[in-house]
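S.K.: fold the following for me, if possible:
(one chain, ligands or ions: 2)
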Amino acid sequence: SPPADGSNPLAGKSFYVNNYYASEVLSIAIPSLIAEGKTALAAKASGVAKVPSFYWMDTRAKVPKIAEYGKDAAARIAAGEKLTVPLVVYDLPNRDCAALASNGELSLDNNGAAIYKTEYIDAIKTQIQAFPTVHFTLAIEPDSLGNLVTNMNVAKCQAAATAYKELTQYAIKTLDLPNVTMYLDAGHAGWLGWPANQDPAAKLFGDIYKAAGSPKAVRGLVTNVSNYNAWKIATCPVYAESNTVCDESKYINAMAPKLKAAGFPAHFLVDTGRSGVQPTKQQAWGNWCNVIGTGFGIRPSTSTDDPLLDAWVWVKPGGEADGTSDTSATRYDAKCGSPDALKPAPEAGSWFQAYFVQLLENANPAF
Ligand SMILES: O=[N+]([O-])c1ccc(O[C@@H]2O[C@H](CO)[C@@H](O[C@@H]3O[C@H](CO)[C@@H](O[C@@H]4O[C@H](CO)[C@@H](O)[C@H](O)[C@H]4O)[C@H](O)[C@H]3O)[C@H](O)[C@H]2O)cc1
Ligand SMILES: [Mg+2]
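M.R.: Ligands and ions are numbered 1, 2, ... in the order given. This is a model prediction of the structure:
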């Protein structure tokens with residue numbers, strides 16, 4: 001259960017390094033670098049394999065992974081380690097409703113809401129309850145509520161709005177467990193951070209949190225998931241235009257009082273996995289797909305420089321694509337064809353070697 005004094009529930013814990021991302025680095029990235037004679041870069045890459053990132057449960061089939069990581073973590077905790085296992089809950093019906101690249105396995109027209117509850121959320125609860133000594137940090141449904149703030153004009157988002165709200169409430173009530181800390185996805189400074197979006201976003205998050213009974217395990221919001229914004233930047237980039245809330249530090253400090261006033265005393269996680277190069281080479285702030293010139297950013301840590309920030313985290317595993325650049329693919333999204341998107345790119349979530357090399361070469365701090 002969360003500390004009674006409202007302090008950081010992740011303090012003193014390190015994030016569990018899952019073997020899925022580590023094996024992508026060790027068995028795909030490094031052999032490829034060595035084959036190209038890039039031995040110095042290969043050595044740096046072995047450092048990336050040790051950095052914890054979130055494991056994305058983007059299908060029902062991935063839920064049993066909780067048992068594999070839970071078993072390993074339980075043994076290490078029994079031996080004295082202080083760990084939390086970071087996971088992304090990411091399988092809403094009509095997923096990624098304003099884009100095409102990450103559409104998921106469930107749809108509302110195909111009994112998706114019932115399946116999400118019984119075969120996904122309930123299954124996650126069962127798995128987590130089997131490991132009472134292990135703590136889990138959950139990022140809840142990237143890009144869902146954000147789309148309800150800014151994309152109600154998109155038919156697929158409008159059709160999904162009630163379900164997104166109802167299923168998010170179901171998820172945070174069902175997963176309100178003593179060994180869980182949850183953070184709802186809240187887009188980023190360039191999305192909900194626009195002044196016009198802040199109040200509607202705070203209201204939506206507050207309403208859902210209260211409607212779900214203010215679950216103790218819900219600690220706050222996670223921002224910048226799969227995006228590239230700085231934690232702190234001295235000068236706002238050109239692409240921020242009139243939005244002076246142009247980094248994640250400003251965004252969470254702008255939102256916190258609004259959320260508190262809405263009955264949601266939120267703290268935050270910020271994804272810094274791909275924000276090492278600032279300003280980015282984005283031609284427009286809304287370009288989110290495989291952006292060129294980026295680098296690994298601030299390493300995950302619960303020792304931050306802001307009392308609102310529980311941890312810097314790597315939620316999007318750097319080197320996994322944001323979406324395919326194949327214009328003939330079903331899930332091809334034009335954003336992945338943008339001039340500032342690295343090509344050729346594989347399907348969302350697949351290993352994108354050239355992107356991994358880009359992140360590694362531009363890493364800040366360097367490996
Ligand atoms: O001058 N003004 O006053 C003013 C006011 C408002 C303005 O409008 C704002 O402009 C912003 C862009 O600047 C828009 O932000 C973009 O919204 C997209 C969703 O529609 C997000 O896309 C998601 O990105 C995820 C990864 O982050 C992907 O995983 C996911 O698949 C993908 O769908 C982009 O990040 C995000 O940058 C806002 O909606 C829009 O409201 C503009 C000017
Ligand atoms: Mg995405």
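
S.K.: what separates Asn94 from Gln158, distance-wise?
M.R.: Going from Asn94 to Gln158 by CB to CB, to the nearest Å gives 10 Å. Bear in mind the C-beta positions are built from the backbone N, C-alpha and C, glycine included.

S.K.: and what of Thr302?
M.R.: Taken as CB to CB, the span from Thr302 to Gln158 is 38 Å.

S.K.: the more surrounded of these two?
M.R.: Thr302 (19 against 14; other CB atoms under 10 Å).

S.K.: just checking, that one touches Ala311?
M.R.: Yes: with contacts counted by CB atoms under 8 Å, Thr302 reaches Ala311, the gap being 4.5 Å.

S.K.: tell me, what's touching these two both at once?
M.R.: Each of 8, 10 lies in contact with both Thr302 and Ala311 under the rule CB atoms under 8 Å, 6 or more residues apart in numbering.

S.K.: other residues contacting stretch 187-194?
M.R.: Here stretch 187-194 has contacts from 143, 146, 149-150, 186, 197-198, 201, 223-225, 227, 229, 239-240, 243, 245-248, 250-251, 254-255, 285-286, using CB under 8 Å, 6+ apart.

S.K.: within reach of ligand 1, which of those are there?
M.R.: Filtering those for proximity to ligand 1 by CB under 6 Å from any ligand atom leaves 143, 150, 197, 227, 285-286.

S.K.: ligand 1 contacts on the stretch 1-150 of the chain?
M.R.: Checking the stretch 1-150 of the chain against ligand 1 by CB under 6 Å from any ligand atom, the hits are 96, 98-99, 101-102, 143, 150.

S.K.: which parts of the stretch 251-367 of the chain sit against ligand 1?
M.R.: Within the stretch 251-367 of the chain, the positions adjacent to ligand 1 are 285-286, 288 by CB under 6 Å from any ligand atom.

S.K.: go again using 8 Å as the cut-off
M.R.: 284-289, 322-323, 333, 335 (CB under 8 Å from any ligand atom).

S.K.: buried subset of these?
M.R.: 285, 287-289, 322-323, 333, 335 (16 or more other CB atoms under 10 Å).

S.K.: re the thing from before, closest to ligand 2 among the residues of the stretch 1-150 of the chain next to ligand 1?
M.R.: Ser102 (4.5 Å; CB to the ion).

S.K.: that closest one reaches Asn147, doesn't it?
M.R.: No: using CB under 8 Å, Ser102 makes no contact with Asn147, being 11.7 Å away.

S.K.: who has more neighbours out of the two?
M.R.: Between Ser102 and Asn147, counted using other CB under 10 Å, Asn147 has the larger neighbour count: 24 against 20.

S.K.: got the contact list for the more buried one?
M.R.: 97-98, 154, 157, 164.

S.K.: hmm, which of the residues you listed are the buried ones?
M.R.: In the contacts of Asn147, burial by neighbour count holds for 97-98, 157, 164, counting by 16+ other CB under 10 Å.

S.K.: list just the nearest of the residues you listed to ligand 2.
M.R.: Nearest member of those to ligand 2, counting by CB to the ion, is Ala98, at 10.3 Å.

S.K.: so the closest one belongs to a strand, correct?
M.R.: No: applying DSSP: H, G, I helix; E, B strand; the rest coil, one finds Ala98 to be coil, outside a strand.

S.K.: residue contacts, it?
M.R.: Counting by CB under 8 Å, 6+ apart, Ala98 touches 143, 147, 150-151, 154, 156-157.

S.K.: repeat for Pro93
M.R.: Listed by CB under 8 Å, 6+ apart, the contact set of Pro93 reads 104, 106-108, 110, 112-113, 115-116, 160, 163, 167.

S.K.: hmm, 10 Å instead?
M.R.: Contacts for Pro93 (CB atoms under 10 Å, 6 or more residues apart in numbering) come out as 104-116, 120, 159-160, 163-164, 167.

S.K.: which members of the residues you listed occur in strands, if any?
M.R.: Per DSSP state E, strands hold no members of the contacts of Pro93.

S.K.: now, those residues that are in helices?
M.R.: 112-115, 159-160, 163-164, 167 (DSSP state H).

S.K.: quick one on the thing from earlier: same list, the buried ones among the contacts of Asn147, but as JSON lines with pLDDT and distance to Lys38 please.
M.R.: JSON lines is the format used below for the buried ones among the contacts of Asn147 (pLDDT from 0 to 100; distance: CB to CB, whole Å):
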{"residue": "Cys97", "pLDDT": "98", "distance to Lys38": "40"}
{"residue": "Ala98", "pLDDT": "98", "distance to Lys38": "38"}
{"residue": "Cys157", "pLDDT": "97", "distance to Lys38": "43"}
{"residue": "Tyr164", "pLDDT": "98", "distance to Lys38": "43"}
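
S.K.: helices along this structure, start to end?
M.R.: 19-24, 30-35, 39-48, 65-78, 112-115, 122-129, 145-150, 155-174, 195-211, 248-261, 353-361.

S.K.: deepest-packed of those, please.
M.R.: Burial of these is given as mean neighbour count (mean count of other CB atoms under 10 Å); helix 145-150 ranks first at a mean of 22.

S.K.: can you give me the mean pLDDT across that one?
M.R.: Mean per-residue pLDDT for helix 145-150: 98.

S.K.: ok, now stretch 31-40?
M.R.: Taken as a whole, stretch 31-40 has an average pLDDT of 97.

S.K.: one step back: if we only consider the residues of the stretch 251-367 of the chain next to ligand 1, which is nearest to ligand 2?
M.R.: For those, the nearest to ligand 2 is Asp322 (5.3 Å; CB to the ion).
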